[in-house]
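**Q** For reference, the sequence and a predicted model appear below.
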Amino acid sequence: MIDSKAFEYDRHYSNCKKSNHPFIKARKNPETDGYLVFLDIATCDYRLSKKGQEELGALFESVTILNSKNHCEITRELCSFDGVLPEKLNGFLSELYEITKKHQESI
């Protein structure tokens with residue numbers, strides 16, 4: 001039996017790869033009541049520039065309540081953000097995509 005969530009995940013990942021778009025996934029984190037957001041740029045033929053990484057860090061700080069449970073890890077290919085406030089999630093995802101597309105470095 002095929003897990004429908006895994007199938008949807010794989011299909012979305014494949015579509016991102018075909019379209020040369022970053023793969024973005026968000027899910028509720030029950031420990032923080034915020035959202036855990038993943039950004040995977042392996043689906044693209046570029047990587048995130050240093051300036052883009054800095055902008056993503058600043059963006060994350062603007063959409064969280066600062067506490068010890070919030071954290072983010074940002075590299076040229078993968079990013080994770082834990083603690084995005086529910087009411088800020090949609091704007092965060094849109095801005096995340098825009099920054100990623102704006103600050104590209106060819107590989």
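**A** All right, it came through fine.
**Q** only C-alpha atoms for contact and neighbour calcs from this point on.
**A** OK.
**Q** where do the strands sit along the chain?
**A** Under the criterion DSSP state E, strands of the chain are mapped to 23-29, 34-40, 46-48, 71-74, 78-84, 104-106.
**Q** tell me what the first one is packed against?
**A** With contacts defined as 3 or more Cα pairs under 8 Å, 6 or more residues apart in numbering; DSSP states H and E, the secondary structure elements packing on strand 23-29 are helix 4-19, strand 34-40.
**Q** Worst mean pLDDT across the helices and strands of this structure, which element?
**A** helix 4-19 (a mean of 87; mean pLDDT, DSSP states H and E).
**Q** and the angle from it to strand 34-40?
**A** Interaxial angle, helix 4-19 versus strand 34-40 (axes from the mean of the first three to the mean of the last three Cα atoms, to 10 degrees): 40 degrees.
**Q** Would you mark the buried spots in helix 4-19?
**A** 13, 16-17 (16 or more other Cα atoms under 10 Å).
**Q** How about stretch 89-107?
**A** 89, 92-93, 96-97, 99-101, 103-104.
**Q** wait, which of these is closest to Tyr9?
**A** Nearest to Tyr9, judged by Cα to Cα, of these is Leu93 at 17.1 Å.
**Q** Any figure for the gap between the residue nearest the centre of the chain and Tyr13?
**A** In the chain, the residue lying closest to the centroid (Cα atoms, centre = their mean) is Leu39, at 3.0 Å. For Leu39, the distance to Tyr13 equals 11 Å [Cα to Cα, to the nearest Å].
**Q** swap in Glu55?
**A** Counting by Cα to Cα, the gap from Glu55 to Tyr13 is 24 Å.
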